[in-house]
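*Asks:* From the sequence below, what's the structure:
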Amino acid sequence: MNLQRPKIIAIANQKGGVGKTTTAVNLATALAALDKKVLLIDLDSQGNATISFGLKRTVKGNSSYTVLTGESRLSESVLPTNVPSLEVLPSSIELGGVDMELGQKEKPQFELKNVLASEALHYDYIFIDCPPAVGLLTVNALVAAQYILIPIQCEYLALEGVADLVKTVERVRKNFNPVLQVNGLVLTMFDTRSRLSASVAEDVRRFFGNRVYDTVIPRNVRIPEAPSHGKPVLLYDWKSTGAQAYIRLASEFLKREKGAF
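*Replies:* The predicted structure follows:
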């Protein structure tokens, strides 16, 4: 059992459709395959991370919603997945209105941090899949995390919103969580046939420098197919270019860990 506190990474981008959940699911899967004990917390009411493992969003059962509102404990709410060493705290439809409930608490930004501090956690890594908005759920993730990982799609207006997200990170660091750092940015949906993808990747690297991961996630049909089969792409077709890219991303993540975590 891991006696150290787990490393907590929020995966966030306020823009939707950028590969955020796919990155959370497959990076968590790749690390679990390397014998790391991993928890993936689904804070998005759409529940795509939950669905990606063949699980269902709950309506009344234990979930990230009931954990945040104090109705259930984390340890009794996590679910096993088809990936050994990887558990999921599932999403709930009720997360869609949780901002109002959290807003009535004295320090609503600290609910998730308090939950994770209240139990002995036996994980090496906890990944938090955030909703595509900077509301109280995302702020809770940033307050609880030591690091944020930001997926950016290689498409027009890719940088739109990312600068605002980085400013939010700075505000959270200043007011609530001084240890929060940007772990890195991951370029997703890269089309090798497109000049636009190459141009966007160049712009992102010029703007953010070595914060951008060397590994690039390509457009690959196996990636969006996998969730419909209730599997991460690494289980659905591990030989695919998409799966191999996430394996490389996990390797680079661990190398960065040695220098930054």
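
*Asks:* where does this protein dip in pLDDT?
*Replies:* Applying pLDDT under 70 to the chain flags the ranges 1-4, 59, 259-261.

*Asks:* what about the strands in it?
*Replies:* 7-11, 38-42, 79-80, 86-89, 125-129, 147-153, 181-190, 212-218 (DSSP state E).

*Asks:* Quick one: end-to-end length of stretch 217-231, please.
*Replies:* 18 Å (Cα to Cα, to the nearest Å).

*Asks:* make that stretch 114-131, sorry
*Replies:* Length of stretch 114-131, first residue to last, Cα to Cα: 20 Å.

*Asks:* any idea how far it is from the chain center?
*Replies:* In terms of Cα atoms, centre = their mean, to the nearest Å, the gap separating the centre of stretch 114-131 from the centre of its chain is 12 Å.

*Asks:* For that stretch, list every residue counted as buried.
*Replies:* Neighbour-count burial for stretch 114-131, counted by 16 or more other Cβ atoms under 10 Å, picks out Val115, Leu116, Leu121, Tyr123, Asp124, Tyr125, Ile126, Phe127, Ile128, Asp129, Cys130, Pro131. Quick note: C-beta positions are derived from backbone N, CA and C, even for glycine.

*Asks:* Quick one: the strands of the chain as a markdown table, columns for distance to Val169 too.
*Replies:* As requested, these are arranged in a markdown table below (distance: least, Cβ to Cβ, whole Å):
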| stretch | distance to Val169 |
| --- | --- |
| strand 7-11 | 9 |
| strand 38-42 | 18 |
| strand 79-80 | 30 |
| strand 86-89 | 23 |
| strand 125-129 | 14 |
| strand 147-153 | 6 |
| strand 181-190 | 6 |
| strand 212-218 | 16 |
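
*Asks:* Minimum distance to Ser72: which of those has it?
*Replies:* strand 86-89 (10.0 Å; Cβ to Cβ).

*Asks:* mind listing what the closest one pairs with, with the direction of each?
*Replies:* strand 38-42 (parallel), strand 79-80 (antiparallel) (DSSP bridges).

*Asks:* Tell me which of those strands sits most buried.
*Replies:* strand 38-42 (a mean of 28; mean count of other Cβ atoms under 10 Å).
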